[in-house]
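Undergrad: Build me a model from this:
(chains A and B)
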Amino acid sequence: MSWEGIALGLFSLGIIGFGFFWVIRLEYYLGYLWWPYPMALGILFILASFFTGNAGWSALLGITGGSFIWGATELKEQAVRAELGWFKYNPRRKPDPPGLRWIKKIKAPHL
Amino acid sequence: MLQFAGFWMAMVTFLGIWCGHVGVRWLEAHSPNIWPPIVVLASSGVALNVFSLFAPNLTLAGVSSIIGITLMWDALEVYRQQRRVLKKHAPANPDNPRHAAYLAAGKAITEDLLNREPQGAPAVLSVPQRIERRQASYERREVEA
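TA: As a prediction, this is how the structure comes out:
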């Protein structure tokens, strides 16, 4: 009997919980247009997971990467929730993400 | 040699959350009674976690536990989705008798308020919408009191 699988399951629960936290904060302070950056971070985590010698570390990096990619797709909906008054709306002007011109050409993903 | 464990975990984490989101909304909108899907999801989740204890390798153990815990969370989300419908944060399905009763009692709406693009400004509510929202808030306080 091995508890490692359940430890990974609980880790995924924790990292998704952390996702709720950072999606709300990132949308509040920076805005949903920053979505490519957490997505890129998630992809980097997954790429890194291929090159770890240990299956456990690879698993932790993969779960973190998958969760960050999901979070990136949640930012747009979070912006709508804030505009609807379901979450605190930040009236201050949000900083433009680097590469805004290109980001605006792609429709923000939402699943 | 490339290590594929992380890739499979990433796929399961991402697809699990995605399917969970879509599946929970569908199940809650189409189930006349929310408890059968809740019981099925929770017990499947427990079964997958038990399987993960005896899985032959780490990848299979991790994948089954991630899906198992996701299903257990989805069971909770079915209940929370019903609350979202009653808060008018999610659309009601008029073909579902349970939702039809909410609609008839004015406790739910069919409009999906999230189905819009961000405008960069707070959404302006019409006067009837503001009255409705205030009324719903009073009703919630009465229920909670």
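Undergrad: Can you mark which positions in the lowest-mean-pLDDT helix or strand in chain A are buried?
TA: Sorting the helices and strands of chain A by mean pLDDT, DSSP states H and E puts helix A:100-103 at the bottom, at a mean of 93. Across helix A:100-103, burial judged by 16 or more other CB atoms under 10 Å in any protein chain shown covers A:Ile103. Where C-beta positions appear, they are placed from N, C-alpha and C, glycine not excepted.
Undergrad: ok, is it in contact with chain B or not?
TA: No. Using CB under 8 Å from any CB of the partner chain, helix A:100-103 never reaches chain B; the gap is at least 13.2 Å.
Undergrad: Tell me the gap between that helix and the middle of its chain.
TA: 19 Å (CA atoms, centre = their mean, to the nearest Å).
Undergrad: can you list contacts of it?
TA: The contact list for helix A:100-103 (CB atoms under 8 Å, 6 or more residues apart in numbering or on different chains) reads A:33, A:35-36, A:97.
Undergrad: Take those residues and keep only those in helices.
TA: Among the contacts of helix A:100-103, the ones falling in helices (DSSP state H) are A:Pro36.
Undergrad: Most neighbours among the contacts of helix A:100-103, please name it.
TA: Using other CB atoms under 10 Å in any protein chain shown as the neighbour criterion, A:Trp35 leads those with 26 neighbours.
Undergrad: For that one, give me its contacts.
TA: A:Trp35 touches A:72-73, A:75-76, A:103, A:108-109, counting by CB under 8 Å, 6+ apart.
Undergrad: now swap in B:Gln82 and tell me
TA: B:28, B:34.
Undergrad: Can you name the next helix or strand after the helix or strand containing it?
TA: Take DSSP states H and E as the rule and B:Gln82 turns out to sit in helix B:58-86. Using DSSP H and E, the helix or strand that follows helix B:58-86 in sequence is helix B:97-104.
Undergrad: Kindly format the C-alpha coordinates of that next one as CSV.
TA: Only the C-alpha atoms of helix B:97-104 are listed here, as CSV (Å, rounded to 0.1, in the frame of the first residue of the first chain):
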residue,chain,number,x,y,z
PRO,B,97,-38.8,20.7,-12.5
ARG,B,98,-36.6,21.8,-9.5
HIS,B,99,-35.4,24.9,-11.4
ALA,B,100,-38.8,25.6,-12.8
ALA,B,101,-40.1,25.9,-9.2
TYR,B,102,-37.3,28.3,-8.4
LEU,B,103,-38.2,30.4,-11.5
ALA,B,104,-41.9,30.3,-10.7
